[in-house]
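[1] mind folding the following:
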Amino acid sequence: MQKKISVAAIQSLKEALSLVYWYKSELRSFLSQSLSDPAVLSRLNWNDYKRNIVATLVDYLSANEAIYQRDLIRLISEVCQVTDFSHLLKLEDGKIKAAEAERAVKALREQWKGHRDIEEENRKAEERRKLAHDRLMEVNAVQNELEKLKQKFFDLVSSSNPQKRGYSLEKIIKGLFDLFELDPRASFRITGEQIDGAFTFEGTDYLLEAKWQQKPVIAKDLDGLAGKLSRKLENTLGLFLSINGFSEDAVKAHSSGRRLIILMDGSDLMAVLEGRIDLVQLLLRKRRKAAETGNIYLRIHEII
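    Residues are numbered from 1 along each chain as shown. Prediction:
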């Protein structure tokens, strides 16, 4: 399980951010340079009080820590490095404001001392996943199950019945998610809308949608899944699997703002079925890339 930043450190970050920069323009500039996804700032009401702006931002990042933990770490690190408070001295009661800011940053540094191992733990966790995958592939039972699922997939390639092919593909996907213990749930309906499935990955719930059509999936299809996600809790994400990929416009349309969806295609699926990468590692790399760079369609050749 991902180690989380403590509530005390989050509160210290809010206090320090509220005091280090007096003017909103300076605060916004600092945040734009510190966050990997500056588009997050568009969620904020910049006409509100500064403390409310900071609290809204930090609470949002913290509530979605599975995605934004690296942003939080970067933000804390950058604030901890502030040692010059001379810009506050020019203000009315500048000495008092500078002293308060310095104390707040010092308090944040103290809180952060106990968290320096988080990035190291994330690195080690990825190494452990790789080792676990290697061990997993050595187990004949797992290899045999993957081989069965792969053969079922190959059988579908020659199928001319789209409805049957879609239903069978969903069964293959569920079997694959079961194999990698991602807690998949079968199809279900919510307010009359068909959702292909759902699963849980590292404490985050995902809605899954899959399509097997001749043409790449277009933006309208992704809009549909994004609409379903918008009616869920904020920490719910989406995985869209399109066997024949996605149009360039569709990828661009959903690569800005908050990234709700990560994309997976037939090449990704084959890499998992052939045992070249496990499903957990694939999803982890795709989600991390989306959070860090905005690329929601990381290709398998960029991973392995």
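
[2] tell me if Ile262 really is in a strand.
    Yes: according to DSSP: H, G, I helix; E, B strand; the rest coil, Ile262 belongs to a strand.

[3] any figure for the gap between it and Glu147?
    Counting by CB to CB, to the nearest Å, the gap from Ile262 to Glu147 is 27 Å. In this view, the C-beta of every residue, glycine as well, is placed from N, C-alpha and C.

[4] quick one, which of these two is more surrounded?
    Per other CB atoms under 10 Å, whichever of Ile262 and Glu147 has more neighbours is Ile262, with 24 against 13.

[5] how about that one, what does it touch?
    Leu237, Gly238, Leu239, Phe240, Leu283, Lys286, Arg287, Ala290, Ile296, Tyr297 (CB atoms under 8 Å, 6 or more residues apart in numbering).

[6] what is the burial count for the third one?
    Just to be clear, that refers to Leu239. For Leu239, the neighbour count with other CB under 10 Å is 24.

[7] now the helix or strand encompassing it, how far from the chain's geometric center?
    Per DSSP states H and E: Leu239 is located in strand 237-242. Put simply, strand 237-242 sits 12 Å off its chain's centre (CA atoms, centre = their mean, to the nearest Å).

[8] can you list the residues that contact that strand?
    By CB under 8 Å, 6+ apart, the residues outside strand 237-242 that reach it are 67, 173, 199, 204-213, 216-217, 221-222, 225-226, 228-229, 246, 260-266, 268-269, 283, 287.

[9] in PyMOL, how would I select the buried members of those residues?
    In PyMOL syntax, the buried subset of the contacts of strand 237-242 is picked out as below (16 or more other CB atoms under 10 Å):
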select buried, resi 67+173+199+204+205+206+207+208+209+210+211+212+216+217+221+222+225+226+228+229+246+260+261+262+263+264+265+266+268+269+283+287
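
[10] can I get the strand of greatest length in the chain in PDB, CA atoms only?
    In the chain, assigned by DSSP state E, the strand with the most residues is strand 204-211. The C-alpha trace of strand 204-211 is given here as PDB (Å, rounded to 0.1, in the frame of the first residue of the first chain):
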ATOM      1  CA  THR A 204      -8.600   3.800  -6.300                       C
ATOM      2  CA  ASP A 205     -11.800   2.700  -8.000                       C
ATOM      3  CA  TYR A 206     -11.800   2.500 -11.800                       C
ATOM      4  CA  LEU A 207     -14.600   2.200 -14.300                       C
ATOM      5  CA  LEU A 208     -13.600   0.100 -17.300                       C
ATOM      6  CA  GLU A 209     -14.900   0.400 -20.800                       C
ATOM      7  CA  ALA A 210     -13.800  -1.700 -23.700                       C
ATOM      8  CA  LYS A 211     -14.400  -1.500 -27.500                       C
END
